[in-house]
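Peer 1: Below are the sequence and a predicted model for it; my questions follow.
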Amino acid sequence: MKRKFTITAVLISMAFMSFAQVCPNYFKRNNGNGTCGSGAEIQMYYSTCPSSVPLIDSIYVNGINTNLSIVNVDSSKCASKGYISYCISGDIPPAHTLKVFFKYGGAIAGGTTAICNVTDTVQEAGPMPVLLSKFDVQRQNNNTVTATWKTDQEINSDRFELQRSSNNSPFETVGTVLSQHSNSSIAQFYSFNDPNTLADVSFYRIKMIDKDNSFSFSVVKPVKGTSQASDFTIFPNPSTGNAKISITNASEPTKVMIFDNSGRVVKQTGFTNSNSVDINNLPRGVYFVKVIGERTGASSVKKFIVVNN
């Protein structure tokens, strides 16, 4: 019995050693840069690459589940650069330490879960320079789009470049804002007004540049163009169930949705080869007709009433 207990204790000890070996040394995060395109990415760095690629089951920040979904895992850089890349749907909250639940299979950990407290501290380089916690863009009018962003941490930060793309064009810098404090651990707020009169949807991102000219990108944010939904008429209104919707100044493909008074879609159509569509055989009631530009998303709504025949 004593011999059996000794063997069991050795096996348990080996299991704990395995768990210690599979936890990453540190992580790096970015929202909108690297192999994940405009999506968020987290890179887990190892001194020795795991023999089996670990999957992330969940990530906790300050005890709260971030509810992020892993959409892709790439271990091709582990041998040469020491990290495994995880593409994530959603933004990674700024945090110095993440509690990560890894799922390991095969020879490592026997297909169980390892719980790792991983920090963003790199022994040689220190923590990540800029933690961007908020980024938003809003169209103010047909002439201006306002971008706002917030940082929770800045280390050796130099400047921010607001970049814009439209109609599949490359991103171009439309404005530069200097860092308010090169080194700060308190929240900093920034804004920039871009004179944007483009009719199509525009896409914005922030290039965060440090004093050594290293940089990273934010997530990409869309904003609607200046095109407004074309005006339309419903005639007759009220009607006995049959009417015609006529549109003017259509500058893009446009669809028509008809809702009943409870918000249920009862009919959906669009303008094809003409500037009008017919509405037929609707029962008595109050309806709402919504015309939506399929490219810009601009819309307008009008009430439509059907009375007894």
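Peer 2: Okay, I see it. Source: prediction; values computed, not measured.
Peer 1: so residue 79, which of the three states?
Peer 2: helix (DSSP: H, G, I helix; E, B strand; the rest coil).
Peer 1: ok, now which ones touch it?
Peer 2: residue 49 (CB atoms under 8 Å, 6 or more residues apart in numbering). For the C-beta atoms, the positions are set from N, CA and C on the backbone; glycine is no exception.
Peer 1: Can you read off the pLDDT for it?
Peer 2: Here, the pLDDT recorded for residue 79 equals 86.
Peer 1: For the closest residue to residue 150 other than its chain neighbours, the count of nearby residues, please.
Peer 2: The spatially closest residue to residue 150, leaving aside those adjacent along the chain, is residue 134, at 4.0 Å (CB to CB, 6 or more residues apart in numbering). Around residue 134 there are 15 other residues, counting by other CB atoms under 10 Å.
Peer 1: now residue 98: how far from residue 70?
Peer 2: 13 Å (CB to CB, to the nearest Å).
Peer 1: Equivalent analysis for residue 167, please.
Peer 2: Counting by CB to CB, the gap from residue 167 to residue 70 is 32 Å.
Peer 1: swap in residue 142?
Peer 2: On the measure of CB to CB, residue 142 and residue 70 end up 41 Å apart.
Peer 1: Equivalent analysis for residue 135, please.
Peer 2: 22 Å.
Peer 1: Neighbour count for those two, which is higher?
Peer 2: Applying other CB under 10 Å to residue 135 and residue 70 shows that residue 135 carries more neighbours, namely 22 against 15.
Peer 1: which ones are touching that one?
Peer 2: 147-150, 206, 218-219, 221.
Peer 1: Am I right that it sits in a strand?
Peer 2: Yes. Looking at residue 135 with three-state DSSP, it is inside a strand.
Peer 1: so what's it scoring on pLDDT?
Peer 2: For residue 135, pLDDT reads 93.
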